[in-house]
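**Student:** generate coordinates for the sequence data below:
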Amino acid sequence: MKKAMILLCMSVSLLFSGNRLSAQEMAAGKQAVDSTKLVVLWTTGEKDVFTKMVQIYLYNAKKQGWFDQITLIIWGPSSRLVAGDKELQKMVGELRDAGVKLEACVWCADQYGVSEKLKQLGVDVKGMGVYLTKYLKEKNTRVMVF
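**Tutor:** Numbering: from 1, shown residues only. Here you go, the predicted structure:
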C-alpha cells in the first residue's frame, strides 16, 4: 500500500512538473530528473522587484545549489534601471561573482543607450530572442518572469 501511494504521488507530481516517466520506470525506483537550470527574465523598471525578490532569490539559489546553472536576463526597462543605479550595479556584480550568468537584450539596451554600461558590468549583451526561445523549450530549464 505504501509503495502504491508513493507511486501515485510521484505520478501526480510528474504530471504537473512536466517531467515524464513511465509506470515501469517509477516502479523500478527511477526518479524524475530535477530541473537543473533556472532562467530569470527581469523586465520591470521597478527597483524593489529586483532588490526585494529577484536578487535575494537568485543569490540564495546559487549559494544553496538549488539549481546547477542560473541565468539572469536583463530585458527592457530593467536594463535602463540597472545601468543608472549604483546600488543595483553592486547587487548585479554580487550575482555575477556568485556564479550567476548575466545576459541582456542588445536591442533593448541600445534603445536605452546602455549597452556599453551593461558590458562593463560583465553582462553578455546580445540578441536574446533565439536564446530565450531555447530556454523556454529546454526540458530541464525553468523560466521565471519579473
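**Student:** for the rest of this, base every contact and every neighbour count on C-alpha atoms.
**Tutor:** Fine.
**Student:** quick one: the strands in the chain?
**Tutor:** All strands of the chain, identified by DSSP state E, fall at 37-42, 69-74, 101-105, 124-126, 141-145.
**Student:** okay if I get those strands as CSV plus mean pLDDT, distance to Asp48 and mean neighbour count?
**Tutor:** Listed next are the strands of the chain as CSV, based on pLDDT from 0 to 100; distance: least, CA to CA, whole Å; neighbours: other CA atoms under 10 Å:
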stretch, mean pLDDT, distance to Asp48, mean neighbour count
strand 37-42, 98, 12, 21
strand 69-74, 98, 15, 23
strand 101-105, 98, 19, 22
strand 124-126, 98, 23, 19
strand 141-145, 96, 15, 15
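**Student:** let's have the ones you listed in CSV, adding distance to Tyr112.
**Tutor:** Supplementary listing: the strands of the chain in CSV, determined by distance: least, CA to CA, whole Å:
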stretch, distance to Tyr112
strand 37-42, 16
strand 69-74, 12
strand 101-105, 11
strand 124-126, 13
strand 141-145, 21
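**Student:** pull the contacting residues for the spatially most central residue of the chain.
**Tutor:** The centre of the chain sits closest to Val39, judged by CA atoms, centre = their mean, with a distance of 1.8 Å. Val39 sits next to 70-73, 135, 141-144 when contact means CA atoms under 8 Å, 6 or more residues apart in numbering.
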